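Q: sequence first, predicted model second:
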Amino acid sequence: MEQRKKETIINVRDLNLYYGDKQALFGVDLVIQEKEVTALIGPSGCGKSTFLRTLNRMNDLIDGVKITGDIVIDHENIYKSNDVIKLRTKVGMVFQKPNLFPMSIYDNVAYGPRMQGIKNKKDLNIIVEESLRGAAIWDEVKDRLKTSALGLSGGQQQRVCIARAIAMKPDIILMDEPTSALDPISTLKVEELITNMKEDYTIVIVTHNMQQAARISDKTAFFLNGEVVEYDDTDNIFSTPQDKRTEDYITGRFG
Amino acid sequence: MRHFKDNLLRGLLWLSAFLSVAVLVMIVGFIFYKGIGLISFDFIFGDYSPTGDGGIWPMIVTTIYTVLISLVIATPIGILAAVYLQEYAKQGRLVRLIRFATESLTGIPSIIYGLFGAVFFVTTLKLGMSILAASLTLTIIVLPVIIRTTEEALKTVPGSYREGSLALGTTKLQTLYKVILPSSMPGILSGIILSVGRIVGESAAIFLTAGTVAAMPDSILSSARTLTVHSYLVTQESGDIELAAAVGIVLIVLILVINLSATYISKKFNKSTNK
């Protein structure tokens, strides 16, 4: 592997988030390098998913959310600019449960590009095939592209969700516990896929599963009660955690 | 003793179910028994004649006109209103008030709408007793139905669809148009079917706004007679139960056809979207 210096792609400074009166994130500082897998771990309700959703402004959909601080993605302060659409084409997202639309597999993957105004059939065909290949699901679905996506198994659906995100050619892909609804074999396939994907994409993944974080991520951030307790190379976090609370969590003493 | 109670309850349940079906069968049976003798090609497709041996084609046409015009106006307004309430409006006091108002509107007797239509559309807007005035009145009657059913349909669309679409960098309008509305189509369709039934079955409000002219309407500004009004008038004027029943048969068949075709369409929709 080449050892060139990786650039910072996401820079979060002093991020606070409130649901109405209730504060959910407290002064989060986090620097994420490009083309790495960054895992966010922590017990339920610690704010890791909330944090993930600040990165593509999905929290904007919830009434009463207030945010202070700065998130700079690719040299742009995303809460100063108002182009949420552009942000979300650059920062894709895969959700906890597969959420394909009730359309054919093809239409699901082509959905984003079509909404961007790409109409040419040849172009769309290429995008769909490349995206499905990129999500390592092409061989399984190539003969049934026109059938309903909801007929696929959960694991296949999740990989088509990843293909749907890839189709937008994003720089960053956010994943919110993408394997929590999948069986072990499907989980393994998705993990393999994530490891391969980091050549082209920066991936930020929320996971409940510490083995998963250890297996696939380069850096790990441990969240507790809305704060980042510790953030370091994954190897360091799991071998020599600096904070007692991190150690307690990864050794399974709570959470 | 416990067995006895159980059987008694079972008997009561059965009796209630039987009674409600029996009443329906009796009514339909009565209508068919009385009216079937008059049903013929000429009766359905013939022009009306005051002597009583003519057909009811003008009334069928008038009924179809009112259904079409009312739906053409009420459906887009109703769907847009529901979309606004469900997807755009901030859920606060104003929205609750609007919801309460639409719900109350469904409970108002249609004669009240008829009176309003007679004053507002017929007199104030100078539309005269006409198909248009009646259709506008019917629009107001079915609007709350369409709004309510559309809102319910929108509510059933999983939030994950919205998130999934928006996360792909689409606008709210694109998400609505491409994902949310298609997924709620079966529910919206059933609201439209209910409305058709309501329009075809309405008489009081139409009587007061479209009048009773028993002739083929020249335009939608003509006064005319729908099937239900005709059925009422022949009973009232000449006591001709057979004729009224024959009109009733046409009405029943019409509604049956509409309902069946709507169920068919909505099933097809379901298949293509939610397999």
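A: Structure received. This one's a predicted model, so the numbers in the text were calculated from it and none came from an experiment.

Q: quick one, what contacts B:His84?
A: Actually, residue B:84 is Tyr. It isn't His. Contacts here follow CB atoms under 8 Å, 6 or more residues apart in numbering or on different chains; on that basis B:Tyr84 touches nothing. (Each C-beta comes from the backbone N, C-alpha and C, glycine too.)

Q: tell me which element A:Asp14 is part of?
A: strand A:8-19 (DSSP states H and E).

Q: which other helices and strands does that strand contact?
A: Counting contacts by 3 or more CB pairs under 8 Å, 6 or more residues apart in numbering or on different chains; DSSP states H and E, the secondary-structure elements packed against strand A:8-19 are strand A:22-33, helix A:48-54, strand A:65-73, strand A:202-206.

Q: what sits up against the first one?
A: So that's strand A:22-33. By CB under 8 Å, 6+ apart, the residues outside strand A:22-33 that reach it are A:6-18, A:38, A:47, A:50-51, A:54, A:69, A:202, A:204, A:218-219, A:221, A:225-228, A:231.

Q: and it, what's buried?
A: Burial within strand A:22-33, assessed by neighbour count using 16 or more other CB atoms under 10 Å in any protein chain shown, is assigned to A:24-25, A:28, A:30, A:32.

Q: pairing partners for the helix or strand following it, with directions?
A: Using DSSP H and E, the helix or strand that follows strand A:22-33 in sequence is strand A:37-41. Strand A:37-41 has these partner strands in its sheet, going by DSSP bridges: strand A:202-206 (parallel), strand A:219-224 (parallel).

Q: JSON lines please, covering those strands and showing mean pLDDT.
A: JSON lines is the format used below for these (pLDDT from 0 to 100):
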{"stretch": "strand A:202-206", "mean pLDDT": "96"}
{"stretch": "strand A:219-224", "mean pLDDT": "95"}
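
Q: I'd like these laid out as JSON lines, including mean neighbour count.
A: Written out in JSON lines, the entries for those read as follows (neighbours: other CB atoms under 10 Å in any protein chain shown):
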{"stretch": "strand A:202-206", "mean neighbour count": "26"}
{"stretch": "strand A:219-224", "mean neighbour count": "25"}
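
Q: can you list these in JSON lines and add distance to A:Thr240?
A: As requested, these are exported to JSON lines (distance: least, CB to CB, whole Å):
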{"stretch": "strand A:202-206", "distance to A:Thr240": "22"}
{"stretch": "strand A:219-224", "distance to A:Thr240": "13"}
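
Q: between those strands, which gets nearest to B:Val257?
A: Evaluated over the strands paired with strand A:37-41, closeness to B:Val257 peaks at strand A:202-206, with 53.9 Å, by CB to CB.

Q: ok, and what's touching that closest one?
A: Where contact means CB under 8 Å, 6+ apart, the residues beyond strand A:202-206 that reach it are A:9-10, A:32-41, A:48-49, A:52, A:55, A:171-178, A:194, A:197, A:213, A:216-217.

Q: can you pull the buried residues of whichever helix or strand comes after that strand?
A: Past strand A:202-206, heading to the C-terminal end, the next element that is a helix or strand (DSSP H and E) is helix A:210-216. Taking 16+ other CB under 10 Å as the basis for neighbour counts, the residues of helix A:210-216 that come out buried are A:210, A:212-216.

Q: ditto for stretch A:182-191
A: Using 16+ other CB under 10 Å as the burial criterion, the residues of stretch A:182-191 that qualify are A:182, A:186-187, A:189-191.

Q: does it reach chain B?
A: No: on the criterion CB under 8 Å from any CB of the partner chain, stretch A:182-191 is out of touch with chain B, staying 15.6 Å away.

Q: run the chain-centre distance for that stretch.
A: Distance, stretch centre to chain centre, for stretch A:182-191: 16 Å (CA atoms, centre = their mean, to the nearest Å).

Q: pull the CA atoms of that stretch into CSV?
A: Included here for stretch A:182-191 are C-alpha records, laid out as CSV according to Å, rounded to 0.1, in the frame of the first residue of the first chain:
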residue,chain,number,x,y,z
LEU,A,182,-28.3,-8.6,8.7
ASP,A,183,-27.4,-12.3,9.4
PRO,A,184,-23.7,-13.1,10.0
ILE,A,185,-22.9,-14.2,6.4
SER,A,186,-24.4,-11.0,4.9
THR,A,187,-22.6,-9.0,7.5
LEU,A,188,-19.3,-10.5,6.5
LYS,A,189,-20.0,-9.7,2.8
VAL,A,190,-20.8,-6.1,3.7
GLU,A,191,-17.7,-5.8,5.9
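
Q: list the contacts of that stretch.
A: Stretch A:182-191 is contacted from outside by A:136, A:153-156, A:158-159, A:162, A:178-179, A:212, A:215-216, using CB under 8 Å, 6+ apart.
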